[in-house]
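Got a predicted structure here, sequence first:
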Amino acid sequence: MIEAPLALAAVVAAAAAVGFWLERRFGWAEKLGASLLVIALGALLSNLGLVPVRSPVYDVVFGPVTSLAIVWLLLAVDLRDLRAAGPRMLGAFAIAVVGTLAGVASAVLLFGRAFGDETWKLAGAMVGTYSGGGLNFVAVGRALGLPDSLFSAAAAADNVVTALWMVATLLLPGWLRRFYPAPPGERDRSEVEEGHGAGGGEETVDLLAPVPLQVFDLALLLALGLGLQLAAEATARALPWPVPSVVWLTTYALAAAQLPPVRRLTGALHLGTLALNLFFVVIGIGSRVSEILAVGVEVFYFTAAVVLIHGIVTFVGARLARLDVETTAVASQAAVGGPSTAMALAMSRRRPHLALPGLVVGLLGYAVGNYLGLAMAYALRAL
C-alpha cells in the first residue's frame with residue numbers, strides 16, 4: 001500500500017493526468033468526461049487496497065486545494081455571460097434546482113430517520129452537490145461538520161448515482177424527444193454534426209486544448225486564490241453571525257470575477273479544473289463499498305431517491321414549460337454533475353451549441369449550490 005505522503009500525492013496527480021489523457025485519447029472516455037474517469041480511477045486504487053482511505057494528503061486536497069478550486073472556477077464566471085446561456089437554458093437549470101430541492105425533501109421524509117440528528121447535514125450536502133456538482137458537496141459538508149463516516153459513505157453513493165445519471169441523460173433525450181418541442185430554429189442533425197449550432201456559430205470551450213498562459217497570470221491567480229481564502233476566514237471569525245467561511249469565499253470570488261483586471265487573467269478555468277479533478281480523485285479513493293455498508297445501504301437509497309425525483313421534476317417541469325429535451329438534459333447534468341459533465345453530455349449528444357451554455361449554468365451552480373445547501377440544512381435543523 002502506498003502511504004508515504006509524497007508518493008501518495010504523486011499517485012493522486014498521476015490519476016488526474018490519466019483521466020485527462022483518456023478523455024483526450026478515446027471517444028468513449030470523452031463521453032464520460034475526465035471527472036467521472038478520475039473518480040473511477042480513485043475508487044479502483046482504493047478498493048484494490050493500493051492506497052489508504054485516509055491520509056494527510058487528502059486533508060490538503062479537501063482543504064486548501066478545494067478552496068482554490070472554488071475560487072478559480074468562480075473567477076471564470078462573468079455574470080454578463082449568462083446572456084449566452086439564454087432564457088431556455090437558465091429556465092431549465094432553475095427547474096433542475098427545484099427538482100433537487102424536491103428530491104432532497106422527499107428523501108428526508110422517506111429515509112431521514114436512518115441518520116438521526118445528522119439528517120439535516122446530509123440533506124444540505126445533497127442540495128449542494130445536486131445544484132452544481134461534487135465540489136459543493138465537500139464545501140457544504142465540510143461547513144456543516146458532516147461526520148467522516150457519513151461523509152465517505154455519502155460521497156461513495158454520490159459517485160455511483162452521478163455516474164448512473166450521466167448514462168441516463170445520454171439516453172433519455174433520444175427516448176423522450178418526440179414528447180418535447182424542438183428548439184426554435186433547430187437545424188437537422190447533419191448540420192449539427194458539421195459543427196453548426198442551432199443558433200449558428202455557437203462557440204464551445206475545450207478545457208484540454210492548448211491555451212496561451214503567462215507566468216504572471218498564474219502567479220497572480222495563485223495569490224488571489226490564497227488571499228481570498230484568508231479574507232473569507234478572517235470575515236467569518238470577525239463577524240458574530242455563524243456564517244461559514246465558504247459563503248464569504250463564494251461571495252468574494254464572484255465579486256472579484258466581475259472586475260476587468262481579473263477577467264483579463266488567463267488560466268483560472270484550467271487551474272480550477274485541475275484542482276477540481278484532484279478533489280475527484282480523492283473522492284474516488286473514499287468510495288469504498290465497505291464504507292457504504294458500514295453506515296448502511298440507506299445512504300445509497302437516500303441519494304438515489306434525490307436524483308430520481310430530481311429527474312422526474314426536471315423533465316416533467318421542462319415539458320410543461322415547453323423546453324426542448326436536449327437543453328433539459330444538459331441543464332440537469334449541470335446540476336447533478338457540474339459544468340464538465342454538462343459539456344461532455346452536450347458534445348456526446350452532438351449538440352455543441354449547448355456546451356457553452358451548459359458550462360455557464362454549471363459554473364452558476366457552483367455559485368448557488370453552497371447557498372442553497374446551507375439554507376436547506378439550517379431550515380431542516382430549525383424544523
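Yes, it's here.

ok, for the residue nearest the centre of the chain, nearest residue in space, not its chain neighbours?
Note on the chain: the residue nearest the mean C-alpha position is residue 133, at 1.9 Å, using Cα atoms, centre = their mean. Residue nearest to residue 133 in three dimensions, not counting chain neighbours: residue 338, with 2.4 Å by Cβ to Cβ, 6 or more residues apart in numbering. All C-beta atoms are positioned from the backbone trio N, CA, C, and that covers glycine.

From residue 277, how far out is the one you found?
11 Å (Cβ to Cβ, to the nearest Å).

Same question for residue 365.
Taking Cβ to Cβ, one finds residue 365 at 17 Å from residue 277.

buried sites along stretch 293-302?
The neighbour-count check on stretch 293-302 (16 or more other Cβ atoms under 10 Å) flags 295, 298-300, 302 as buried.

May I have it as PDB, with CA atoms only?
Extracted C-alpha coordinates of stretch 293-302, given in PDB (Å, rounded to 0.1, in the frame of the first residue of the first chain):
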ATOM      1  CA  LEU A 293     -22.100  -0.900   4.100                       C
ATOM      2  CA  ALA A 294     -20.600   0.400   7.300                       C
ATOM      3  CA  VAL A 295     -23.200   3.100   7.500                       C
ATOM      4  CA  GLY A 296     -25.900   1.100   5.800                       C
ATOM      5  CA  VAL A 297     -27.400   1.000   2.300                       C
ATOM      6  CA  GLU A 298     -29.900   3.700   3.400                       C
ATOM      7  CA  VAL A 299     -27.400   6.300   2.400                       C
ATOM      8  CA  PHE A 300     -27.500   4.900  -1.200                       C
ATOM      9  CA  TYR A 301     -31.300   4.800  -1.100                       C
ATOM     10  CA  PHE A 302     -31.300   8.400   0.100                       C
END
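
pLDDT averaged over the helix or strand where residue 166 lies, what's the number?
Assigned by DSSP states H and E, residue 166 falls within helix 148-176. Across helix 148-176, the average pLDDT comes to 82.

buried ones in it?
150-163, 165-166, 168-170, 172-173.

ditto for stretch 258-270
262, 265, 267-270.

Select, from those, the two members most distant in space.
262 and 270 (15.3 Å; Cβ to Cβ).

which other helices and strands contact the helix or strand hosting residue 362?
Following DSSP H and E, one finds residue 362 within helix 355-382. Applying 3 or more Cβ pairs under 8 Å, 6 or more residues apart in numbering; DSSP states H and E, we find helix 355-382 packed against helix 66-75, helix 82-111, helix 119-129, helix 134-144, helix 245-257, helix 325-337, helix 339-348.

how about the ones you listed, which one is nearest residue 284?
helix 134-144 (10.2 Å).

Alpha carbons of that closest one, as PDB, please.
Backbone C-alpha positions of helix 134-144 (Å, rounded to 0.1, in the frame of the first residue of the first chain) are rendered in PDB as follows:
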ATOM      1  CA  GLY A 134     -19.400  17.400  -6.400                       C
ATOM      2  CA  LEU A 135     -17.300  20.400  -5.400                       C
ATOM      3  CA  ASN A 136     -20.300  21.800  -3.500                       C
ATOM      4  CA  PHE A 137     -20.700  18.500  -1.600                       C
ATOM      5  CA  VAL A 138     -17.400  18.900   0.100                       C
ATOM      6  CA  ALA A 139     -17.800  22.600   0.600                       C
ATOM      7  CA  VAL A 140     -21.200  22.300   2.300                       C
ATOM      8  CA  GLY A 141     -20.400  19.000   4.000                       C
ATOM      9  CA  ARG A 142     -17.200  20.500   5.500                       C
ATOM     10  CA  ALA A 143     -19.000  23.700   6.600                       C
ATOM     11  CA  LEU A 144     -21.800  21.700   8.300                       C
END
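
Off-centre distance for it?
11 Å (Cα atoms, centre = their mean, to the nearest Å).

Report the angle between that helix and helix 325-337.
40 degrees (axes from the mean of the first three to the mean of the last three Cα atoms, to 10 degrees).

Show me what helix 134-144 is packed against.
Looks like helix 134-144 contacts helix 66-75, helix 119-129, helix 148-176, helix 245-257, helix 268-285, helix 355-382 (3+ Cβ pairs under 8 Å, 6+ apart).

residues making contact with it?
35, 62, 66, 69-70, 73, 120-121, 124-129, 151, 154-155, 158-159, 162, 244-247, 276, 279-280, 283, 337-338, 365-366, 369-370, 373-374, 377 (Cβ atoms under 8 Å, 6 or more residues apart in numbering).

Now with 6 Å, please.
62, 66, 121, 124-125, 128-129, 151, 244, 246, 276, 369-370, 373, 377 (Cβ atoms under 6 Å, 6 or more residues apart in numbering).

tilt between it and helix 355-382?
Going by the same axes, to 10 degrees, helix 134-144 makes 20 degrees with helix 355-382.

quick one: stretch 57-65 to chain centroid distance?
Worked out by Cα atoms, centre = their mean, stretch 57-65 lies 17 Å from the chain centre.

List the contacts of it.
For stretch 57-65, using Cβ under 6 Å, 6+ apart, the contacting residues are 5, 8-9, 138, 275, 278-279, 282.

Tell me which residues touch the residue nearest to residue 30 when sequence neighbours are not counted, please.
Once flanking residues are discounted, residue 30 sits nearest to residue 23: 5.3 Å by Cβ to Cβ, 6+ apart. Residue 23 is in contact with 29-30, 34, counting by Cβ under 6 Å, 6+ apart.
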